[in-house]
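# Need coordinates for the following:
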Amino acid sequence: MISNYRTALVTGASSGIGEAIVRSLTEHGLIVHAIARRAARLQKLENETGCIPHVLDLRDTDALYHTLNPLEVDVLVNNAGMGRGFDTLFKASREDIERTLETNIIATVHVIKAIAPGMIKRGCGHMIHIGSISGLYPLTSSIYGASKGAIHLLSQNLRKELVGTPVRNTEICPGRVHTEFFETALDDPDKQKAMLDSFELLQPSDIAESVIFALKMPKRVNINTIEIMPTEQAVGGFIAKKIQ
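Numbering: from 1, shown residues only. Next up, the predicted model:
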C-alpha cells in the first residue's frame with residue numbers, strides 16, 4: 001500500500017499514460033476506478049488489472065457528477081486530455097477548440113470539485129494532474145499550450161488552497177511521450193509519424209513511475225511539480241523567421 005491510500009481514480013484510463021498509471025496503482029494494491037469513453041478498452045483493462053471501469057465522457061458534466069460524487073477516493077489522477085487544433089490556432093475549427101478546452105480544462109476542474117471535498121473531509125488524499133511542458137514553455141501549439149498552462153496555474157493555486165489540510169497536490173509535466181495522443185491530435189499521418197519517430201520518446205510507464213514517486217514520499221513532503229523529458233529533447237531558445 002502507498003502512504004495508506006486505499007482507492008484511486010484515473011481519468012483518460014483506456015490507453016497511454018492513463019492505462020499505465022492504472023496498471024501501476026493496481027500493482028501497488030490500490031482499488032482503482034478507471035474512467036474513459038471507450039468501453040471495450042476499459043473492459044480489457046478491467047480483465048487484466050481488476051480495476052473498476054466507468055464509461056464516461058467527462059464533457060458530460062451531469063454524468064460526471066453522477067458518477068464521481070458517490071466515490072471515496074484517496075488518489076485522484078487527472079490525466080484525460082486531447083490536442084485537437086494542435087497545428088495552429090488560426091487553422092483550428094471551432095469544434096476542435098471546444099473539445100480540447102472542455103476536456104483539458106473544464107472537465108478537469110469539475111473532476112476536482114467532485115472529488116476534493118471528500119478528501120478534505122476525510123483528511124486523506126493526493127491529487128495528481130498530468131500537465132505538459134507545453135504548459136510551462138512557449139511551444140508551437142497555442143490551444144493545447146493554453147489548456148496545459150491553465151492546468152499549471154490551477155495546480156499551483158490548489159496548493160495554496162489546500163494548505164492547512166493533509167491533502168497533497170502534484171503536477172507532472174512530461175515532454176513528448178509515445179502514446180496515441182498525436183494520432184488524435186493530428187490528421188496528417190506523416191506529421192503523426194514525425195512526432196513519434198524523430199527521437200526516443202518517453203514511455204507511459206515512465207510517467208506512471210513518477211506518479212508512484214510522488215505518492216510514496218512521506219506525508220510531510222509535497223512534490224509540487226515534476227518536469228520529465230526525453231534525454232534527446234530540450235526546450236528553450238527563440239525563433240525568428242523573415243516575413244515572406
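# C-terminal to the top helix by length along the chain, what's the next element?
If you go by DSSP state H, the chain has its longest helix at helix 142-162. Using DSSP states H and E, the next helix or strand after helix 142-162 towards the C-terminus is strand 168-174.
# before we move on, back to that, the longest helix of the chain to strand 168-174, inter-axis angle?
Put simply, helix 142-162 runs at 160 degrees to strand 168-174, going by axes from the mean of the first three to the mean of the last three CA atoms, to 10 degrees.
# can you give me how far helix 142-162 is from the chain middle?
12 Å (CA atoms, centre = their mean, to the nearest Å).
# Pull the CA coordinates from that helix and hand them back as CSV.
The C-alpha trace of helix 142-162 is given here as CSV (Å, rounded to 0.1, in the frame of the first residue of the first chain):
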residue,chain,number,x,y,z
SER,A,142,-1.5,27.7,-28.8
ILE,A,143,-4.7,25.8,-27.9
TYR,A,144,-3.1,22.8,-26.3
GLY,A,145,-0.4,25.0,-24.6
ALA,A,146,-3.1,27.3,-23.2
SER,A,147,-5.0,24.4,-21.8
LYS,A,148,-2.0,22.9,-20.1
GLY,A,149,-0.9,26.4,-18.9
ALA,A,150,-4.3,26.6,-17.2
ILE,A,151,-3.6,23.3,-15.5
HIS,A,152,-0.2,24.5,-14.3
LEU,A,153,-1.7,27.6,-12.6
LEU,A,154,-4.7,25.5,-11.4
SER,A,155,-2.3,23.1,-9.7
GLN,A,156,-0.2,26.0,-8.2
ASN,A,157,-3.2,27.7,-6.8
LEU,A,158,-4.7,24.5,-5.4
ARG,A,159,-1.5,24.1,-3.4
LYS,A,160,-2.3,27.4,-1.6
GLU,A,161,-6.0,26.5,-1.2
LEU,A,162,-5.0,23.1,0.4
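# Flag the shaky bits of this protein, pLDDT-wise.
1 (pLDDT under 70).
# Mind doing that once more with 90?
1-3, 82-92, 139-141, 176, 178-199, 235-244 (pLDDT under 90).
# What ranges does this structure have for its helices?
Assigned by DSSP H, the helices in the chain fall at 16-27, 39-49, 61-68, 94-101, 107-122, 142-162, 181-185, 189-197, 204-216.
# taking those helices together, which one is wrapped up most tightly?
Using mean count of other CB atoms under 10 Å, the stretch among these with the largest mean neighbour count is helix 16-27, at a mean of 24. C-beta coordinates here come from the backbone N, C-alpha and C atoms, glycine included.
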